[in-house]
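**Student:** just need the structure, nothing else, for what follows:
(one chain, ligands or ions: 1)
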Amino acid sequence: MFPDKCSVKEEGRNCLNPPEFVISVLVEDGEYMVGVTCNRHKGAVSGKIQILQNEGKIPKGTINFSELKPVGTDCIKGNADDLIQL
Ligand SMILES: [Zn+2]
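**Tutor:** Here you go, the predicted structure:
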């Protein structure tokens, strides 16, 4: 259901750390999932999402990090197939 690695791609290389947080954006009609990240990339991802929001690539809303859990994702939209290029 979730990728088994951090979604971050740094300097052309995928981060191989296991994901620790689900990154999502809280919008009016629910929650838009952006990807997953390890603890090390949490801050960098947060900044990157703001840029993507300004570019209109991700819905504007509150950036939310939740600890990765295997359940409770029924209302999450979007997908985490795209890597986040830093
Ligand atoms: Zn990472």
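**Student:** how many residues are close by the nearest residue to residue 15 once chain neighbours are set aside?
**Tutor:** Nearest-residue entry for residue 15: residue 6, 4.0 Å, with adjacent residues in sequence omitted and distances by C-beta to C-beta, 6 or more residues apart in numbering. Backbone N, C-alpha and C define where each C-beta goes, glycine included. Using other C-beta atoms under 10 Å, residue 6 is surrounded by 26 other residues.
**Student:** repeat that for residue 64.
**Tutor:** 15.
**Student:** tell me who's in contact with it.
**Tutor:** Residues near residue 64 by C-beta atoms under 8 Å, 6 or more residues apart in numbering: 23, 24, 25, 26, 31.
**Student:** can you check residue 17 too?
**Tutor:** Here residue 17 is in contact with 5, 6, 38, 40, 41 (C-beta under 8 Å, 6+ apart).
**Student:** go ahead and confirm the first one touches residue 35.
**Tutor:** I take that to be residue 5. No: if you go by C-beta atoms under 8 Å, residue 5 and residue 35 don't touch, sitting 10.3 Å apart.
**Student:** spell out which residues of this structure are next to the ion.
**Tutor:** 6, 8, 15, 17, 38, 41 (C-beta under 5 Å from the ion).
**Student:** and the two most separated of those?
**Tutor:** Across the residues of the chain next to the ion, the longest distance by C-beta to C-beta is 8.5 Å; it joins 8 and 17.
**Student:** where do the contact lists of the two overlap?
**Tutor:** With C-beta under 8 Å, 6+ apart as the test, residue 8 and residue 17 both reach 38, 41.
**Student:** before we move on, back to that, can you pull the contacts of the residue nearest to residue 15?
**Tutor:** So residue 6 contacts 14, 15, 16, 17, 18, 19, 36, 37, 38, 41 (C-beta under 8 Å, 6+ apart).
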